[in-house]
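# no sequence for this one, just the structure:
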């Protein structure tokens, strides 16, 4: 059945009203921004290729999990555990890497947060399965 011209393209129950949908969009946009900064602006401050690669990995993981959060929000809107774990994981994993690369002396205490964020990302995938 074809939709009529009066049928909205986005139904009123669209995920845009969900907090996790909004966060997924914001995290996706900032991942692109951080990735661009890492590829262009950060090279003026950080010369270590391993640190630049870590920054790129953080942006990559943030972008992938932003999409995962958007899909989870749409495919399993009742699964707040998976959405919460993806959000916490992106914040802790990518956020701690960004901070540690930009100012390692100031944010040294965030070192242990990175693997916890990684565990949250893994937990998000596992929670999404159930």
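Perfect, thanks for sending it. Note that the coordinates shown come from a computational prediction; the quantities given were computed from them, not determined experimentally.
# What's the mean pLDDT across the one helix or strand residue 56 maps to?
Per DSSP states H and E, residue 56 falls inside helix 49-75. The pLDDT scores in helix 49-75 average 97.
# and the next element down the chain from that helix?
helix 80-89.
# buried stuff in that following helix?
81-89 (16 or more other Cβ atoms under 10 Å). From N, CA and C alone the C-beta is placed, and that goes for glycine too.
# Also compute the angle for it relative to helix 49-75, please.
Calculated by axes from the mean of the first three to the mean of the last three Cα atoms, to 10 degrees, helix 80-89 forms an angle of 160 degrees with helix 49-75.
# what's next to helix 80-89, contact-wise?
20, 23, 27, 65, 68-69, 72-73, 76, 117-125, 127-128 (Cβ atoms under 8 Å, 6 or more residues apart in numbering).
# tell me which residues in the helix holding residue 56 are buried?
Buried residues in helix 49-75, counted by 16+ other Cβ under 10 Å: 51-52, 54-56, 58-59, 61-63, 65-66, 68-70, 72-73.
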